[in-house]
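Enquirer: Only the shape, not the letters, is given here:
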């Protein structure tokens, strides 16, 4: 059962990352006005973030339980840790900043030194990309 749950959570988390980032978000921004698309995408990204926290915690415990301290010698554990760290940074650091900027959104929100919505979206997107790449490597390594 533990192995089945590991596989299911892996598919949901990593597959979800790729589907949301490559398919869902671009379709939203092509189909809806930017503000509505951003609000819907934000909710979806928060949802996949919570799924990632649950899945990442389970995978971390699974690999430590299955491999013991030897797990720290395996790339799979470090990829899970990296993905989980990316999820936590986006979920609890970057997303709240973006949510705080949105209500006062204007051209002045960017300021002289940046820090506006575009900059934080870029940071979040880069973190998400790193997380998705870690996930692809994890799937690749786990299949071997």
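Expert: Yes, it's here. For clarity, every value in this text was computed on a predicted model and none was experimentally measured.
Enquirer: Low-confidence ranges, the protein, go.
Expert: For the chain, applying pLDDT under 70 flags the ranges 105-115.
Enquirer: Where do the helices of it begin and end?
Expert: 2-10, 16-19, 25-31, 34-67, 75-89, 95-101, 117-143 (DSSP state H).
Enquirer: Out of those helices, which is the most enclosed?
Expert: Ranked by mean neighbour count, the helices of the chain are led by helix 75-89 with a mean of 20 (mean count of other Cβ atoms under 10 Å). Backbone N, C-alpha and C define where each C-beta goes, glycine included.
Enquirer: List of residues touching that one?
Expert: 13, 49, 52-53, 56-57, 59-60, 63-64, 67, 71-72, 127-128, 130-131, 134-135, 137-138, 141-142 (Cβ atoms under 8 Å, 6 or more residues apart in numbering).
Enquirer: quick one, that helix and helix 34-67 angle?
Expert: Per axes from the mean of the first three to the mean of the last three Cα atoms, to 10 degrees, the angle that helix 75-89 makes with helix 34-67 is 140 degrees.
Enquirer: roughly how far apart are residue 85 and residue 49?
Expert: According to Cβ to Cβ, to the nearest Å, residue 85 stands 12 Å off from residue 49.
Enquirer: before we move on, what about residue 138?
Expert: 17 Å.
Enquirer: so residue 63 touches residue 71, yeah?
Expert: Yes. Counting by Cβ atoms under 8 Å, residue 71 is a contact partner of residue 63 at 4.5 Å.
Enquirer: Find the nearest non-adjacent residue to residue 45, please.
Expert: Among residues not flanking residue 45 along the chain, residue 20 sits closest, at 6.8 Å (Cβ to Cβ, 6 or more residues apart in numbering).
Enquirer: What separation do you get for that neighbour and residue 100?
Expert: Note on residue 20: its distance to residue 100, by Cβ to Cβ, is 23 Å.
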